[in-house]
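J.: One predicted model, sequence on top.
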Amino acid sequence: MAEAITSAPPLVRRRSIGDLLARDLRALPIVIGLIALWIFFAVQSDVFLTARNLSNLLVQSTVVGIMALGIMFVLLVKEIDLSVAAINGVTSVFMAKLIVEAGVTPWVAVPIAIALGAFIGSLSARWVTYVGVPSFVVTLGLGLALNGLQLILLPATARYSLNGTGLEQIALINIDGIWAWVVLAIGILSFAGLVFSEAASRTRAGLETPMMRAVVLPIAAATLFGAIVVAILSAHKGIPLIVLIFGILLGLGGYILKQTQFGLYLYAVGNNDEAARRSGIKVHRIKMAAFAIAGGVAALAGVIAASRTLGVGVFSGGGVGGGTLLLESIAAAVIGGVSLFGGRGSIHASLLGALVIGTVSNGLNLMGVENEIRLIVTGLLLVLAVSIDKLIEKATGQQSF
Amino acid sequence: MTDMSAGRERHVQASGAVPLISMRNIHKKFGSLHALRGASIDVHAGEVVALVGDNGAGKSTMVKVMAGVHMATSGDYEFEGKPVRITSPTDANALGIQTVYQDLALCSNLDAVQNLFLGRELTGSSLFGRRIQRAECEVKAREVLKRMRLGNLSLTRPVGAMSGGQRQNIAIARSILWTPKVVILDEPTAALSHSAAEQVGDLIRTLADQGLGIVVVSHDIHNFVVNATDRIEVMRLGANAASFRTGDVTGEQVVNAMVGGNEGVNLAG
Ligand SMILES: Nc1ncnc2c1ncn2[C@@H]1O[C@H](COP(=O)(O)OP(=O)(O)OP(=O)(O)O)[C@@H](O)[C@H]1O
Ligand SMILES: [Mg+2]
């Protein structure tokens, strides 16, 4: 055991490609895949890479992206919520009913919808943890029940129009001109502040900080990425409010997952709930919070969808059974790298996964290809993404985390 | 509960002084099953005690009583010479008794620091929940690992990507993070290769040299037990069958005592 006796401080070792691919660069294949898709569609259609189309693509991806972001919390704790689409639908219909029939202002109705979504989510968690029925079953049943409730809540016309109620503004507002850049600056400053505070606390504790890798690169990358996105959006109409909402959720979600105790516990519970329990973690509470977040976020996505379609109806929440909304939300999270077996996935998964699905839909649409083909391609991409992940796992001998 | 204000140094004594743990005439019944029938054990500071015996002899039950997982049906339990009543693992932890279970209870997707502190993170408050003070945790983790001579264990790799021996070491490090006085290990080498088992043996020795009392349940008599421990307590049918000083016996003698040959003499005196 000669090696263990050396007490020299651990070196910051050069890491192998396999190591990098298995961890820091886990998202690389999906990013490459996304770029490949973009090149393909750019070749097929001159319109694809225009600022206008790319803005649309981003807007079209937000509802699925936000849904995927929410469901990711549940997937992390090794559960699944098949009722998120139904929550999305029923809460938006309830909100519309409040606005249209009771004259409630959207400022109140929207928070009520989100709180209701979170409450419904926490109910399924209670059922799962206390009664012990698998979440798959609980949320499947709950989803159907909520579909029924949604139909009951709708008026005889089967639709509430939200035009002129103020709610449609959410989908109409764009932050343009100088303000778009101000928003970007605020975002980058918050991120840089976080990175610096982390580095400062390491230095204070007497730990070495790889300046380049831990501070300069992340901030530079975030700035570059943000600037490109804002430049493209500004060349069209500015930053759509709903894209900004998605961006804020990504930032907030990333902070919670990476920096907080709660975030860490999500990963711990998803990986080994017995170990978590023995460590004193209140596993049922962590799960309940995860389901509540998924429910609340699904309701928010429902509000945004209602605003985009200027109303709600049978179709809200993907229609009965959740339709493609449910499948695409789960698929987006999984394509982005969230494991269905718990304990693995980063916040950018929802963005990347939603962009892949959005790109396929948008690009094929531009090519005039039928909807049927879109479904086939999306389905194949899902299997392909997970397969590539598995292949990396085999090749590097490292389980993916 | 005993007086917790006493410093650790006090216990860095030669064996022969007041034992850290002294369990006498312990009985444990599971319904009609009499798992422990008057078993006894002493654990001294700075000493590695092996607890061996055939399957079902009662070893795990004995250490579970020691760790507060089970309560003895009858018998005396003294900690540092004072009678104590340990009714839960929390009680045992508070006295300074930590247990490393065979399944290790690690999260394979988390790194060493996260596993060491799981459930006991150092945190500060922030706008969106308690923020983990990673740097402080890392400093403390390094300190502990250095004391265990595991200074070059990676702190940032997920433990799932580590070898069985490294994982075992992390589980042990986790148990000594909060400076216990006694560490109990149930079959720490069962899933390990010969060399990894040797490393665990070295690690246990390092800890004992720092004044901890160590109890190891093991079936690996011929390699691990006769090489890495100071004293061997043999259990049979829920009671003590023999007690040896490790240097005085061969593996065969220990095995004979386990299965009930006629060598059940007490060489430890
Ligand atoms: N929780 C329990 N409930 C009922 N019986 C138990 C329980 N735990 C242990 N026993 C019984 O007590 C006896 C002693 O078991 P114990 O696990 O202590 O043996 P052991 O020496 O650790 O054996 P092994 O080497 O197989 O681990 C066995 O007959 C076992 O079946
Ligand atoms: Mg046992």
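T.: Good, I have the coordinates. Ligands and ions are numbered 1, 2, ... in the order given.
J.: What ranges does the chain have for its strands?
T.: No chain in the question, so chain A it is. Assigned strands in chain A, in chain order: A:159-161, A:174-175, A:239-240, A:311-313 (criterion: DSSP state E).
J.: Hmm, no, I was thinking of chain B.
T.: Listed in chain order, the strands found in chain B under DSSP E are B:21-30, B:33-43, B:48-53, B:74-79, B:82-83, B:97-100, B:123-124, B:131-132, B:182-186, B:213-217, B:231-236, B:239-245.
J.: where in the chain is pLDDT low?
T.: Let's take chain A. Where chain A drops to pLDDT under 70, the residues are A:1-24, A:396-401.
J.: Wait, chain B was what I had in mind.
T.: Residues of chain B meeting the criterion pLDDT under 70: B:1-16, B:261-269.
J.: Outline the domain layout of it.
T.: Chain B is divided into the following domains under automatic domain parsing: B:1-96+B:183-188+B:195-269, B:102-179.
J.: and A:Pro155, which of these is closest to it?
T.: Comparison of the domains of chain B against A:Pro155 by CB to CB identifies domain B:102-179 as nearest, at 39.2 Å. Any C-beta I mention is one placed from the backbone N, CA and C, and that applies to glycine too.
J.: Straight-line length of the closest one, end to end?
T.: Its start and end residues considered, domain B:102-179 measures 21 Å (CA to CA, to the nearest Å).
J.: Name the residue of chain B that lies nearest to chain A.
T.: B:Gly119 (3.1 Å; CB to the nearest CB).
J.: check contacts around the residue lying closest to that residue once chain neighbours are set aside.
T.: Once its chain neighbours are removed from consideration, B:Gly119 has its nearest residue in A:Ser279; the separation is 3.1 Å (CB to CB, 6 or more residues apart in numbering or on different chains). For A:Ser279, the contact set (CB atoms under 8 Å, 6 or more residues apart in numbering or on different chains) comprises A:268, B:105, B:118-120.
J.: If it's not too much trouble, I'd like the strands of chain B exported to JSON lines so that distance to chain A and mean neighbour count sit alongside each entry.
T.: Listed next are the strands of chain B as JSON lines, based on distance: least, CB to the nearest CB, whole Å; neighbours: other CB atoms under 10 Å in any protein chain shown:
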{"stretch": "strand B:21-30", "distance to chain A": "22", "mean neighbour count": "18"}
{"stretch": "strand B:33-43", "distance to chain A": "22", "mean neighbour count": "20"}
{"stretch": "strand B:48-53", "distance to chain A": "16", "mean neighbour count": "26"}
{"stretch": "strand B:74-79", "distance to chain A": "22", "mean neighbour count": "17"}
{"stretch": "strand B:82-83", "distance to chain A": "27", "mean neighbour count": "11"}
{"stretch": "strand B:97-100", "distance to chain A": "10", "mean neighbour count": "24"}
{"stretch": "strand B:123-124", "distance to chain A": "5", "mean neighbour count": "14"}
{"stretch": "strand B:131-132", "distance to chain A": "5", "mean neighbour count": "23"}
{"stretch": "strand B:182-186", "distance to chain A": "14", "mean neighbour count": "24"}
{"stretch": "strand B:213-217", "distance to chain A": "17", "mean neighbour count": "25"}
{"stretch": "strand B:231-236", "distance to chain A": "23", "mean neighbour count": "24"}
{"stretch": "strand B:239-245", "distance to chain A": "25", "mean neighbour count": "20"}
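J.: Tell me which of these sits nearest to B:Ala171.
T.: Sorting those by CB to CB, the top spot, which is the nearest, belongs to strand B:97-100 at 5.0 Å.
J.: Pick out the residue of the stretch 151-300 of chain A closest to chain B.
T.: A:Ser279 (3.1 Å).
J.: What's opposite B:Ala17 in the beta bridge?
T.: Here B:Ala17 shows beta-bridge partners B:Ser15, assigned using DSSP bridges.
J.: Test my guess that it contacts B:His44.
T.: Yes: taking CB atoms under 8 Å as the definition, B:Ala17 is a contact partner of B:His44 at 7.3 Å.
J.: the more surrounded of the two?
T.: Here B:Ala17 and B:His44 are compared on neighbour count by other CB atoms under 10 Å in any protein chain shown; more neighbours surround B:His44, at 23 against 12.
J.: got the phi/psi numbers for that one?
T.: Backbone torsions for B:His44, taken as degrees, to the nearest 10, come to phi -100, psi 160.
J.: cool, and the one 10 residues further on?
T.: The phi and psi values for B:Asp54, taken as degrees, to the nearest 10, are phi -70, psi 170.
J.: For it, give me its contacts.
T.: B:236, B:258-259.
J.: Just send these back as TSV, with distance to A:Ala305 too.
T.: Formatted as TSV, the entries for those read as follows, by distance: CB to CB, whole Å:
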residue	distance to A:Ala305
B:Arg236	70
B:Met258	69
B:Val259	72
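J.: Give the closest residue to B:Thr246 in space, chain neighbours not counted.
T.: B:Thr229 (5.1 Å).
J.: The one you found reaches B:Val48, doesn't it?
T.: Yes: with contact defined as CB under 8 Å, B:Thr229 and B:Val48 form a contacting pair (4.5 Å).
J.: shared neighbours, those two?
T.: With contacts defined as CB under 8 Å, 6+ apart, the residues shared by B:Thr229 and B:Val48 are B:Val216.
J.: Could you double-check that B:Val182 sits in contact with B:Val43?
T.: Yes: in terms of CB under 8 Å, B:Val182 counts as a neighbour of B:Val43; the distance is 5.9 Å.
J.: list the residues that contact both of the two?
T.: Each of B:20-21, B:213-215 lies in contact with both B:Val182 and B:Val43 under the rule CB under 8 Å, 6+ apart.
J.: Can you pick out the most distant pair from those?
T.: Among the shared contacts of B:Val182 and B:Val43, the pair separated by the greatest distance (CB to CB) is B:Ile21 and B:Ile214, at 11.1 Å.
J.: burial measure for B:Thr87, as a count.
T.: Neighbour count for B:Thr87, taken as other CB under 10 Å: 10.
J.: Helices of the stretch 1-150 of chain A, residue ranges please.
T.: Assignment of helices within the stretch 1-150 of chain A using DSSP state H, counting those that start in this stretch yields the ranges A:2-5, A:17-22, A:28-44, A:51-76, A:84-101, A:106-126, A:135-153.
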